[in-house]
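Visitor: Show me the folded form of this:
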Amino acid sequence: MRRNNIPPSLGQIHYLSGLNGLRTLNLSENPISEGLPHYRLMVLKYLPKLEKLDDIVVTYQEHEEAK
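Guide: Sure, this is the predicted structure:
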């Protein structure tokens, strides 16, 4: 989903929350990754099973902060 002009809205991430098998997501170079404060934590709140976000491994600490 890289470079798809996804707006900085958590509603867009909510649509992905039903994808229980989603482990890797790349939203880099989208407005959402640049215009949303605490972007990584907000994405992890909606998608807690992610292991990798924007080609960066999600840490245990990030998972804990996102809860």
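
Visitor: Show the residue spans covered by the helices in the protein.
Guide: Shown for the chain, the helices assigned by DSSP state H span residues 10-14, 31-35, 39-46, 60-66.

Visitor: list the buried ones in the first one?
Guide: Neighbour counts over helix 10-14 (16 or more other CB atoms under 10 Å) mark 12, 13 as buried. The C-beta positions use only the backbone N, C-alpha and C, and glycine is treated the same way.

Visitor: Over to the longest one?
Guide: Across helix 39-46, burial judged by 16+ other CB under 10 Å covers 39, 40, 43, 44, 45.

Visitor: Please list all residues in contact with the third one.
Guide: If a contact means CB atoms under 8 Å, 6 or more residues apart in numbering, then residue 43 has 13, 25, 27, 50, 53 as its contacts.

Visitor: again, only using 7 Å
Guide: 13, 53 (CB atoms under 7 Å, 6 or more residues apart in numbering).

Visitor: what about residue 10, distance to residue 32?
Guide: 9 Å (CB to CB, to the nearest Å).

Visitor: Report the contact partners of the nearest residue to residue 39 once chain neighbours are set aside.
Guide: In space, residue 39 comes closest to residue 33 once its chain neighbours are excluded; the distance is 5.6 Å by CB to CB, 6 or more residues apart in numbering. Residues near residue 33 by CB under 7 Å, 6+ apart: 27, 39, 54.

Visitor: remind me which residues of this protein are low pLDDT?
Guide: Applying pLDDT under 70 to the chain picks out residues 1-6.

Visitor: In space, not sequence, find me the middle residue of the chain.
Guide: In the chain, the centroid-proximal residue (CA atoms, centre = their mean) is residue 43; its distance is 3.3 Å.

Visitor: quick one on the thing from earlier: which one of the helices of the chain lies nearest to residue 20?
Guide: Of all those, the one in closest proximity to residue 20, counting by CB to CB, is helix 39-46 (12.4 Å).
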